[in-house]
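Trainee: Structure of the sequence below:
(2 chains)
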Protein chains: 2
Amino acid sequence: MMDHTLLELLEQEQGNYLSGETISKAMNVSRTAVWKQIRKLEERGYVIEASRKLGYRLVSKPDNLSPEKLSELLQTNRFGRSLRLLDVVDSTQNEAQRWAEDGAPEGAIVIAEQQLGGRGRMGRSWVSPYTKGIWMSLIMRPSTPIHFAPQLTLLTAVALCRSLRKSTGLEIGIKWPNDLLISGKKISGILLESAAEDERIKYVIAGTGISVNLDISDYPEELLERATSLSIQAGRRFSREQVIADFLLEWEQLYDLYLKDGFGAIQTLWEALAVTLHQEVTVQTPQGQLEGRATGLHESGALELLLSSGELRLVFSGEMGQPSSAQ
Amino acid sequence: MMDHTLLELLEQEQGNYLSGETISKAMNVSRTAVWKQIRKLEERGYVIEASRKLGYRLVSKPDNLSPEKLSELLQTNRFGRSLRLLDVVDSTQNEAQRWAEDGAPEGAIVIAEQQLGGRGRMGRSWVSPYTKGIWMSLIMRPSTPIHFAPQLTLLTAVALCRSLRKSTGLEIGIKWPNDLLISGKKISGILLESAAEDERIKYVIAGTGISVNLDISDYPEELLERATSLSIQAGRRFSREQVIADFLLEWEQLYDLYLKDGFGAIQTLWEALAVTLHQEVTVQTPQGQLEGRATGLHESGALELLLSSGELRLVFSGEMGQPSSAQ
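Mentor: Predicted coordinates:
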């Protein structure tokens, strides 16, 4: 209730400064309490300018996702048609997993404005600040055997890469297996978690973190070398609803194509977008580091690596380049 | 507390009859209440003979699993070294899944004396009466990619088939993919549930239901045509601790061989035990029924089926013969 009052006070000023003392008196709390409330608003995505002399002024409000706007833009049949839009969650993956166990239909999505325990590959954490990105999990129930699950990871990377190129005009490429890069910096993460019963997939939960409108100040210093956002790269902000709608449409179309015709077309699209093919690369695998020339994608989802010994090795699991954080 | 008293009364008689009236007076409850308590004891595995004239007598006590005896017999390094022995659970799979999420080590097992919601393949139920069988789930954490998960199902079937043949001397064979049969009747069920993160397996939970000492009266009439137990087939009872210890040893040895050398040896062992190879078979698949000659096992775990058209088809998922219950 209190920060609502503070918000009302700031909004009444329409962008002009309000002194800490005035606020403190109006709310009947200490100036330290006012400062704490200001910090809370900032965490929720409000941009507030503070001046020792003049006080506080509201610069901008958070750009919350509008389900109505998303619904208007959505052109899919199934993907995104069931939606859980949450404010703050531990991880959209966990929420989607509970929903999947409870019988969520294929295409159901969970989106959160903020994740407190966003998970990246290999248990790493993922920076997902309030209203700045797209933190989304989608539930798939393909009839393909578990054998083919890794293909869905590559399909998701292709769908996201193609849709983001369309939405933003930026030159985005794929680093094996599923990182999206602009100028060598990562702008999204994909994590597919699957549950199977014998060879049958029960469900796959595809988690995607897309750094849409993050500012440089949203990243820890040490991450800026290898992580970036669409807004930093393009110099402008994007409608998250539009980015989501574009992505879901591309994704559903490729998924339907995959279920109908298999992996062939997806493999071709993946190879066309890959920035790491036909180059000398190092890959960290669970069995140690490998060096060689990335020659192509195997239909199993494995990377085909031509070692200097002349041996063609299939790499099922690993990470290109140096080990780093997820982002 | 009450059935403990009833049990004490019956035990004092050392197999002789005790009249319902005597029990009723001693326990200060109605004769209907006595009858209800008798039913409860029977559900817990006590065999009690009832005579209208003479009353009740205790014929035998349940043969509860002894963790001490199991521990003495166990010759493994990891499999079975962490144990949760439960009396009655919904399903050992659910319990093992919770334990796996909480960080259970590889080889950890959950055994229950009875399952109330035992699960078979395709969501079917599984008859698992008190102390009569082995209802067990084992947690594996292989470093192989999810791509190879179906191989673990076949490995489990091979390990169980080989160990049961040794333990019982019975002629037991494998029906693709993982049913064990004696004279065409099913004596065990295997269900592997796996959780993966991208291509990495987080854990696999291998559930096995082994019908060890079930009597004919334990089965619904309609199941007897296609299900049986080791004791019915051999005409004698088996020590469940010994059966478990034999199985875990064989299983761990094959698993270690698999992690070291791959699927080749397992595939050969599977084919040697398969009762459905080199025969005309029908297979119910998610895409419809197929007929053909089962010619072998593909390294992916798929059945190689030679159709009458001459086409060699890989069948990843399905069931041989007519659709039936899990048991």
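
Trainee: quick one: low-confidence parts of chain A?
Mentor: A:1-4, A:118-126, A:322-327 (pLDDT under 70).

Trainee: now the spatially most central residue of chain A: how far from chain B?
Mentor: By Cα atoms, centre = their mean, chain A has its centre lying nearest to A:Gly209, at 1.0 Å. Distance of A:Gly209 to chain B, given as Cβ to the nearest Cβ, to the nearest Å: 14 Å. All C-beta spots, glycine's among them, are computed from the backbone N, C-alpha and C.

Trainee: Show me what the longest strand seen in chain A is packed against.
Mentor: Assignment by DSSP state E gives strand A:185-197 as the longest strand of chain A. Judged by 3 or more Cβ pairs under 8 Å, 6 or more residues apart in numbering or on different chains; DSSP states H and E, the packing partners of strand A:185-197 are helix A:92-101, helix A:149-168, strand A:179-182, strand A:200-210, strand B:185-197.

Trainee: Now do that strand: distance to the chain's middle.
Mentor: Put simply, strand A:185-197 sits 10 Å off its chain's centre (Cα atoms, centre = their mean, to the nearest Å).

Trainee: Give the buried residues for that strand.
Mentor: For strand A:185-197, a neighbour-count test (16 or more other Cβ atoms under 10 Å in any protein chain shown) marks A:185-197 as buried.

Trainee: Just want the angle from it to strand A:200-210.
Mentor: Relative orientation of strand A:185-197 and strand A:200-210, computed by axes from the mean of the first three to the mean of the last three Cα atoms, to 10 degrees: 160 degrees.

Trainee: is A:Tyr56 in a bridge, and if so with what?
Mentor: Note on A:Tyr56: beta-bridge partners by DSSP bridges are A:Leu18, A:Ala50.

Trainee: excluding its backbone neighbours, what's nearest the residue nearest to the centre of chain A?
Mentor: Distance criterion Cβ to Cβ, 6 or more residues apart in numbering or on different chains; nearest residue to A:Gly209, sequence neighbours excluded, is A:Gly189 at 4.5 Å.

Trainee: Isn't the one you found up against A:Asp179?
Mentor: Yes: in this structure, A:Gly189 is within contact of A:Asp179 by Cβ atoms under 8 Å, at 7.0 Å.

Trainee: mind saving the C-alpha coords of the helix ranked longest in chain A as CSV?
Mentor: When chain A is parsed with DSSP state H, its longest helix is helix A:240-261. Listed in CSV are the C-alpha atoms of helix A:240-261, where the atom choice follows Å, rounded to 0.1, in the frame of the first residue of the first chain:
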residue,chain,number,x,y,z
ARG,A,240,8.0,-7.6,-26.4
GLU,A,241,4.5,-8.6,-27.4
GLN,A,242,5.5,-8.3,-31.1
VAL,A,243,8.7,-10.2,-30.5
ILE,A,244,6.8,-13.0,-28.7
ALA,A,245,4.1,-13.2,-31.4
ASP,A,246,6.7,-13.3,-34.2
PHE,A,247,8.7,-16.0,-32.4
LEU,A,248,5.7,-18.2,-31.6
LEU,A,249,4.4,-18.1,-35.2
GLU,A,250,7.8,-19.1,-36.7
TRP,A,251,8.2,-21.7,-34.0
GLU,A,252,4.9,-23.4,-34.5
GLN,A,253,5.3,-23.4,-38.3
LEU,A,254,8.7,-25.1,-38.0
TYR,A,255,7.4,-27.5,-35.4
ASP,A,256,4.5,-28.6,-37.6
LEU,A,257,6.9,-28.9,-40.6
TYR,A,258,9.1,-31.1,-38.4
LEU,A,259,6.3,-33.3,-37.2
LYS,A,260,5.2,-33.8,-40.8
ASP,A,261,8.4,-34.1,-42.7
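
Trainee: OK, now which residue of the stretch 201-327 of chain A is nearest to chain B?
Mentor: Chain B sits closest to A:Phe316 of the stretch 201-327 of chain A, with a gap of 3.9 Å, by Cβ to the nearest Cβ.

Trainee: ok, that residue - contacts?
Mentor: A:150, A:300-302, B:145, B:147, B:199 (Cβ atoms under 8 Å, 6 or more residues apart in numbering or on different chains).

Trainee: What residues are bridge-paired with the residue nearest to the centre of chain A?
Mentor: Beta-bridge partners, per DSSP bridges, of A:Gly209: A:Trp135, A:Gly189.

Trainee: before we move on, the earlier item: mind checking the helices and strands packed on strand A:185-197 for the one nearest to A:Leu73?
Mentor: Taking Cβ to Cβ, helix A:149-168 is the member of the helices and strands packed on strand A:185-197 nearest to A:Leu73, at 11.3 Å.

Trainee: can the helix or strand just after the closest one be found next to chain B?
Mentor: Going down the chain from helix A:149-168, the next helix or strand is strand A:173-175, by DSSP states H and E. No: applying Cβ under 8 Å from any Cβ of the partner chain, one finds strand A:173-175 separated from chain B by no less than 13.8 Å.

Trainee: And strand A:173-175, how far out from the chain middle?
Mentor: Taking mean C-alpha positions (Cα atoms, centre = their mean), strand A:173-175 and its chain are 15 Å apart.

Trainee: counting contacts, what elements does it pack onto?
Mentor: Here strand A:173-175 touches helix A:149-168, strand A:179-182, helix A:264-273, going by 3+ Cβ pairs under 8 Å, 6+ apart.

Trainee: which of those sits most buried?
Mentor: Of all the helices and strands packed on strand A:173-175, helix A:149-168 has the most neighbours on average by mean count of other Cβ atoms under 10 Å in any protein chain shown, namely a mean of 23.

Trainee: and that helix with helix B:149-168, angle?
Mentor: 160 degrees.

Trainee: so how far is helix A:149-168 from its chain's centroid?
Mentor: Helix A:149-168 sits 12 Å away from the centroid of its parent chain (Cα atoms, centre = their mean).

Trainee: and that helix with helix A:240-261, angle?
Mentor: Per the same axes, to 10 degrees, the angle that helix A:149-168 makes with helix A:240-261 is 140 degrees.

Trainee: for helix A:149-168, packing partners?
Mentor: Against helix A:149-168 (3+ Cβ pairs under 8 Å, 6+ apart) you get strand A:173-175, strand A:179-182, strand A:185-197, strand A:200-210, helix A:230-234, helix A:240-261, helix A:264-273.

Trainee: which other residues reach the second one?
Mentor: Okay, so that is strand A:179-182. The contact list for strand A:179-182, computed with Cβ under 8 Å, 6+ apart, reads A:157, A:160-161, A:164, A:170-175, A:186-190, A:228, A:233, A:275.

Trainee: give me that answer again for 7 Å
Mentor: A:157, A:160-161, A:164, A:170-175, A:186-188, A:228, A:233, A:275 (Cβ atoms under 7 Å, 6 or more residues apart in numbering or on different chains).

Trainee: Just the closest of those to chain B, please.
Mentor: The closest of the contacts of strand A:179-182 to chain B turns out to be A:Ala157 (Cβ to the nearest Cβ; 10.7 Å).

Trainee: So A:Ile48 sits against A:Leu58, correct?
Mentor: Yes: under the criterion of Cβ atoms under 7 Å, A:Ile48 makes contact with A:Leu58 at 5.8 Å.

Trainee: Between those two, point out the one with more neighbours.
Mentor: Neighbour count, other Cβ atoms under 10 Å in any protein chain shown: between A:Ile48 and A:Leu58, A:Leu58 has more, with 22 against 16.

Trainee: Need the three-state assignment for the more buried one.
Mentor: Secondary structure, DSSP: H, G, I helix; E, B strand; the rest coil: A:Leu58 is strand.
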